[in-house]
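Novice: can't give you the sequence, but here's the structure:
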């Protein structure tokens, strides 16, 4: 009697927990919506909330100037912030999960350094693709990121796909591409160097509807590819051996997720430059709010990444009126206090 | 219904760990796997569970099992349970049925998770995270997970290593009860010979890359064998029908 009673009694606590997680996701969604509106509002020409909402939802009747500012200038930037923030954060969660390391981020394995190198070498040489000039730099940085991923993968494949080997190979790749990037910078003429450094800072100003479509497409495909493995990712948080014991092919999972992280990172970084820290902080924020169940953690990470990124974008426009500070600088400045707060106030001793 | 191993050979890094191992696990029975440190108890369990490569044959219900088949039939619990993480106990047990989980988890399934936790007295900790419970409770939770897979064959690597005496008894009493009622064949790698004598129907003793003996505790746990295998002097006394008392005297 007691036995069945107890089981019935404790089961609701799980559904309460699930309901809580859904609520957290909805709240995060609302916060993101507010941030999106806020980001569209801020800029050299300050707009009224009512005008922005009118321009967004009834563009036909809205004031034409406002409509142009919203649709042609601000909206692509804002949505790019959302997509890049989400992509880097999802990549961060997966990286931390497959490497079993709280310090891991999409940048741990040298992906961003490679992207930076790819971009700078094209800027240095001045090569442009015949028909698609606007795609030259993104394509170069995307390619370089994929080469870095291939190097790390090759080394890990030869020596065993363990977190230790992957991190070692990744850090080595990171230093390799950083040195190459420094070399390019050293060789560059002052004006070219300025262009390279500006790219490296990371800026949303490069966003347009075209590259937004590409980055969102990559994000969408990658998320769809993660779904079948979502429980296996959760299982990996028990450690390799226990995950294997419940039926996970750990090596196969790591390889698939590694490819996804490389694509997500390359897709995001190629168009906006190296924006750091989102991929490290946002996953921790999400985990703190929602726990380890990846069915909730991944959407929450995407939302937190998007929120921090749009928040940083708003801040980057407010710090010095008239100028837009590169967002790559702001994310770290905003992210570090966030992470410190999380470490100091967090209840959990384990990540 | 039996799970048999014939001419099993386990190699690791070009060295033979075990060779020519033959025995049969019977449903409803607990087999204790004993032998000194480093003799290959874990390797034997892992290869029978299909997690580690081996040669020789493993059959279940007279059918040859491939490595992938073994992973399906056998539920294996690894030794180390020290790593904490922020998964909740409910989630850990739920992951036992990883391959059947979809995006939505039914309330029925959650109720059976709670029953599994209840078997080991963990129901009040269902929502806690692994890093917020003791090492012993973590170990019990992983045991609940292994049983939640509803295995036909269960392999446990030192399931009582982090437990106090009371919990050691709870684990073995629960195992015996569930083995009998669900007709699971259980094999447990263990160091506590008294516990082995008390709860195991059969003992498999490994020594020097071979299966030294396999049979009822009275036959296997002799002072002569324990002296030879472990290098210790022991006093083995029969204290009633099918009940041995083993006292380790000194290291030889």
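Specialist: Okay, I see it. Computed from a prediction, not measured in an experiment: that's the story for all the values here.
Novice: make it CA atoms for all contacts and neighbour counts henceforth
Specialist: Noted.
Novice: quick one: the helices in the stretch 151-252 of chain B?
Specialist: Using DSSP state H, counting those that start in this stretch, the helices found in the stretch 151-252 of chain B span residues B:165-182, B:193-199, B:217-220, B:223-230.
Novice: how about these in JSON lines, adding mean neighbour count, mean pLDDT and distance to chain A?
Specialist: Listed next are those as JSON lines, based on neighbours: other C-alpha atoms under 10 Å in any protein chain shown; pLDDT from 0 to 100; distance: least, C-alpha to the nearest C-alpha, whole Å:
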{"stretch": "helix B:165-182", "mean neighbour count": "16", "mean pLDDT": "90", "distance to chain A": "15"}
{"stretch": "helix B:193-199", "mean neighbour count": "19", "mean pLDDT": "90", "distance to chain A": "24"}
{"stretch": "helix B:217-220", "mean neighbour count": "18", "mean pLDDT": "90", "distance to chain A": "29"}
{"stretch": "helix B:223-230", "mean neighbour count": "17", "mean pLDDT": "90", "distance to chain A": "28"}
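Novice: and those: which comes nearest residue A:56?
Specialist: Among the helices of the stretch 151-252 of chain B, helix B:165-182 comes nearest to residue A:56, with 62.6 Å by C-alpha to C-alpha.
Novice: identify the residues contacting the closest one?
Specialist: With contact meaning C-alpha atoms under 8 Å, 6 or more residues apart in numbering or on different chains, helix B:165-182 is reached by B:27-30, B:119-120, B:140, B:159-160, B:184-186, B:199.
Novice: ok, the residues you listed vs residue A:138, which is closest?
Specialist: Nearest to residue A:138 among the contacts of helix B:165-182, counting by C-alpha to C-alpha, is residue B:140 at 51.9 Å.
Novice: helix/strand/coil for that closest one?
Specialist: At residue B:140 the chain is in helix, as set by DSSP: H, G, I helix; E, B strand; the rest coil.
Novice: and it, what is it in contact with?
Specialist: Contacts for residue B:140 (C-alpha under 8 Å, 6+ apart) come out as B:120, B:122, B:159, B:171.
Novice: once you drop chain neighbours, what's closest to the spatially most central residue of chain A?
Specialist: For chain A, the residue sitting closest to the mean C-alpha position, by C-alpha atoms, centre = their mean, is residue A:88 at 1.2 Å. If the residues on either side of it in the chain are set aside, residue A:88 comes closest to residue A:279, at 4.9 Å by C-alpha to C-alpha, 6 or more residues apart in numbering or on different chains.
Novice: show me what whichever strand or helix holds that neighbour is packed against.
Specialist: Per DSSP states H and E, residue A:279 falls inside helix A:278-290. For helix A:278-290, the elements it packs on are helix A:2-41, helix A:75-99, helix A:294-318, helix A:327-345, judged by 3 or more C-alpha pairs under 8 Å, 6 or more residues apart in numbering or on different chains; DSSP states H and E.
Novice: flag every buried residue along the next helix or strand after the longest one.
Specialist: Using DSSP H and E, the helix or strand that follows helix A:2-41 towards the C-terminus is helix A:49-57. Buried residues in helix A:49-57, counting neighbours by 16 or more other C-alpha atoms under 10 Å in any protein chain shown, are found at A:51-56.
Novice: same question, stretch A:189-200
Specialist: A:192-193, A:196, A:199-200.
Novice: now do stretch B:66-82
Specialist: B:67, B:70-79, B:81.
Novice: ok, stretch A:285-296 next?
Specialist: Buried residues in stretch A:285-296, counted by 16+ other C-alpha under 10 Å: A:285-288, A:290-296.
Novice: can you redo those as JSON lines with pLDDT?
Specialist: Converted to JSON lines, those look like this (pLDDT from 0 to 100):
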{"residue": "A:285", "pLDDT": "88"}
{"residue": "A:286", "pLDDT": "92"}
{"residue": "A:287", "pLDDT": "89"}
{"residue": "A:288", "pLDDT": "86"}
{"residue": "A:290", "pLDDT": "89"}
{"residue": "A:291", "pLDDT": "88"}
{"residue": "A:292", "pLDDT": "88"}
{"residue": "A:293", "pLDDT": "92"}
{"residue": "A:294", "pLDDT": "94"}
{"residue": "A:295", "pLDDT": "94"}
{"residue": "A:296", "pLDDT": "95"}
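Novice: which pair of those spans the longest distance?
Specialist: The most widely separated members of these are A:285 and A:295, with 15.8 Å between them, by C-alpha to C-alpha.
Novice: flag every residue of the stretch 51-200 of chain B that's near chain A.
Specialist: For the stretch 51-200 of chain B, the residues in contact with chain A (C-alpha under 8 Å from any C-alpha of the partner chain) are B:51, B:71-72, B:75-78, B:83-87, B:91-92, B:95-99, B:101, B:103, B:107, B:110-112, B:114-115, B:118, B:123-124, B:126-127, B:131-132.
Novice: repeat the analysis, applying 6 Å as the threshold.
Specialist: With C-alpha under 6 Å from any C-alpha of the partner chain as the criterion, the stretch 51-200 of chain B meets chain A at residues B:76, B:87, B:96, B:111, B:114-115.
Novice: by neighbours, which of those residues wins?
Specialist: residue B:76 (32 neighbours; other C-alpha atoms under 10 Å in any protein chain shown).
Novice: SS state for that residue?
Specialist: Three-state assignment for residue B:76 (three-state DSSP): strand.
Novice: model confidence for residue A:139, exactly?
Specialist: pLDDT for residue A:139: 90.
Novice: for it, give its distance to residue A:214.
Specialist: Applying C-alpha to C-alpha, to the nearest Å, the value for residue A:139 to residue A:214 is 11 Å.
Novice: so those two - more neighbours on which side?
Specialist: Remark: of residue A:139 and residue A:214, residue A:139 carries more neighbours, 20 against 14, as counted by other C-alpha under 10 Å.
Novice: quick one: the more buried one from chain B, how far?
Specialist: Remark: distance between residue A:139 and chain B (C-alpha to the nearest C-alpha, to the nearest Å) = 36 Å.
Novice: excluding its backbone neighbours, what's nearest that residue?
Specialist: Spatial nearest neighbour of residue A:139, chain neighbours left out: residue A:270 (7.0 Å); criterion: C-alpha to C-alpha, 6+ apart.
Novice: ok, that neighbour touching residue A:141?
Specialist: Yes: at 5.4 Å, residue A:270 counts as touching residue A:141 under the criterion of C-alpha atoms under 6 Å.
Novice: who does the closest residue to residue B:209 other than its chain neighbours bridge with?
Specialist: Distances taken as C-alpha to C-alpha, 6+ apart place residue B:18 nearest to residue B:209, at 4.2 Å, with adjacent residues excluded. Residue B:18 forms beta bridges with residue B:10, as assigned by DSSP bridges.
Novice: of all the residues of the stretch 51-200 of chain B next to chain A, which two lie farthest apart?
Specialist: Based on C-alpha to C-alpha, the longest span within those runs between B:76 and B:111 and measures 23.1 Å.
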